[in-house]
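Asks: What follows is a protein structure lacking sequence information:
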């Protein structure tokens, strides 16, 4: 299969990029939320070096937005990263 876009991050991969694009096409934040959580999990798994970075939420959000071809909202993704970290006890607001 031929794709018109190159892979933006080889550690995350083409499937995650296609998943991000499909997630960004969903209509509302409520619809996107579970899929953004999965995307964030994929990115965190591909980039474990970001786990303790002070700007982790921004780094993950920036990559997610790039993977989605600018269809995801950076603040929405960063909020999901923060919520996941809080749930795991990794950070506090």
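Replies: All right, it came through fine. Here the structure is a predicted model, which is why all the values come from computation and not from measurement.

Asks: What's the local residue count around residue 19?
Replies: 18 (other C-beta atoms under 10 Å). The C-beta positions use only the backbone N, C-alpha and C, and glycine is treated the same way.

Asks: C-terminal to the helix or strand where it lies, what's the next element?
Replies: If you go by DSSP states H and E, residue 19 is part of helix 14-24. The C-terminal neighbour of helix 14-24 among helices and strands, as given by DSSP H and E, is helix 29-46.

Asks: Need the residues that contact that following helix.
Replies: 9, 11-13, 16, 19-20, 22-24, 26, 50-51, 60, 63-64, 67, 72-73, 76-77, 80-81, 84 (C-beta atoms under 8 Å, 6 or more residues apart in numbering).

Asks: Point out where this protein drops to low pLDDT.
Replies: Residue ranges of the chain with pLDDT under 70: 1-3, 91-93.

Asks: repeat that with 80
Replies: 1-5, 90-93 (pLDDT under 80).

Asks: From what I see, residue 56 and residue 78 are in contact.
Replies: No: taking contacts as C-beta atoms under 8 Å, residue 56 lies outside contact range of residue 78: 9.2 Å.

Asks: which among the contacts of helix 29-46 end up buried?
Replies: 12, 16, 19-20, 23-24, 26, 50, 60, 63-64, 67, 72-73, 77, 80-81, 84 (16 or more other C-beta atoms under 10 Å).

Asks: what's the spacing between residue 5 and residue 25?
Replies: Between residue 5 and residue 25 the computed distance is 15 Å (C-beta to C-beta, to the nearest Å).

Asks: again, but for residue 49
Replies: 30 Å.

Asks: Compare the two and say which is more crowded by neighbours.
Replies: For residue 49 and residue 25, the more surrounded residue by other C-beta under 10 Å is residue 25, and the numbers stand at 13 against 9.

Asks: so what's the more buried one up against?
Replies: Residues near residue 25 by C-beta under 8 Å, 6+ apart: residue 71.

Asks: One more pass at 10 Å, please.
Replies: Applying C-beta atoms under 10 Å, 6 or more residues apart in numbering to residue 25 gives the contacts 31, 32, 68, 69, 71, 72.
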